[in-house]
Structure formats: C-alpha cells, structure tokens
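Visitor: Provide a 3D model corresponding to the input given below.
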Amino acid sequence: MTGKGLPMKLEAFPPQARTKQLLGQLFAVWLASVRATHTFLTEEEIQAIAPQVPDALAQVPTLVVAWEGEEPAGFLGVDGQRIEMLFLAPQHRGRGLGRQLLTYGVEHCGARQVCVNEQNPQARGFYEHLGFRVRRRTATDEQGRPYPLLYLAL
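Guide: Down below sits the predicted model:
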C-alpha cells in the first residue's frame with residue numbers, strides 16, 4: 001500500500017467490457033473532478049469539452065477503474081506509454097488513490113509520459129512529486145484551444 005488511504009480495488013476494463021452504465025459513472029467522476037481542479041475553465045468551456053469525454057473513455061486502450069464499494073472513486077486511461085487521463089472523485093483526493101492508479105499505470109501498463117494543463121499546478125506537482133519531469137511546453141492544447149500544455153516524462 002502507498003499513500004494515506006486504504007488501497008482501493010483496481011479493475012481493468014477492455015473496450016468491449018465498458019458498458020453505458022460504467023461510462024456514465026466515469027463521466028460523473030470526470031465532471032466532478034474537472035470542476036474541482038480545472039479552475040481555469042469556465043462552466044461553458046467544461047460543457048463544450050464534455051461531449052468528447054464518453055468517446056475518449058470508450059476508446060482509450062487501457063482503462064483502469066478504482067472502486068470504493070460499488071462506486072468508481074477514480075480512473076486511469078493509458079495509450080501506449082502515455083497516460084491520457086487520470087481523474088479522481090473530489091472526495092478521494094489526497095488519500096493516495098492517485099498514486100495507486102499512477103503506480104499501476106507505470107508498473108503494469110508501461111506508462112512513462114503524461115501531459116497536463118499548465119494552469120493546473122496541482123497536477124504538475126503531483127506528477128513531479130512522483131518522478132515525472134517537464135520535457136516540453138506548448139502554447140495551446142491538442143485541440144488548438146488557448147490552454148498551454150506541459151509534457152512530462154519519467
């Protein structure tokens with residue numbers, strides 16, 4: 001066990017096992033997490049991004065869900081060596097769950113890279129604390145929106 005909290009049950013879901021119910025639950029985690037951590041986004045911007053999330057959840061090659069009982073507490077998505085998504089329900093932040101998911105991604109999925117919004121210093125600090133270092137910066141996000149990105153790697 002790492003971190004301050006109890007280890008959660010982690011479960012990998014191949015694309016064919018991702019039900020509409022699961023995707024809906026994970027979307028709710030994403031939405032609550034983004035509202036809590038991405039304070040640089042307006043509600044209108046969050047709503048504009050939201051329609052892309054279910055497809056991203058359905059299509060990411062590796063999706064790992066952390067469960068607290070019957071409810072997802074967070075999730076990790078990995079594509080190749082890149083962490084594409086790591087979101088926690090706000091009530092689970094600061095309890096070691098992010099570290100548990102990240103460690104799983106590194107040790108079991110070969111994750112070595114991640115990209116974070118520059119305006120999200122908590123995310124940058126989290127990854128840097130766990131050994132990632134900034135390798136490059138872009139002035140916009142991958143969709144061309146005015147949100148600078150930091151690309152980190154182990």
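Visitor: where's whatever helix or strand residue 32 lives in relative to the chain centroid, distance-wise?
Guide: Counting by DSSP states H and E, the element that carries residue 32 is helix 20-37. In this view, helix 20-37 has its centroid 10 Å away from the chain centroid, taken as Cα atoms, centre = their mean, to the nearest Å.
Visitor: what does that helix contact?
Guide: 13, 41, 46, 49-50, 53-54, 57-58, 65, 71-75, 85, 87-90, 93, 120, 122-123 (Cβ atoms under 8 Å, 6 or more residues apart in numbering). Every C-beta, even on glycine, is put in place using the N, C-alpha and C of the backbone.
Visitor: just the buried members of those residues?
Guide: 13, 41, 49, 53-54, 57, 65, 72-75, 85, 87-89, 93, 120, 123 (16 or more other Cβ atoms under 10 Å).
Visitor: about what we covered before: among the contacts of helix 20-37, which ones are in helices?
Guide: 46, 49, 53-54, 57-58, 122-123 (DSSP state H).
Visitor: ok, so of those residues, who is nearest residue 145?
Guide: The closest of the ones in helices among the contacts of helix 20-37 to residue 145 turns out to be residue 49 (Cβ to Cβ; 8.8 Å).
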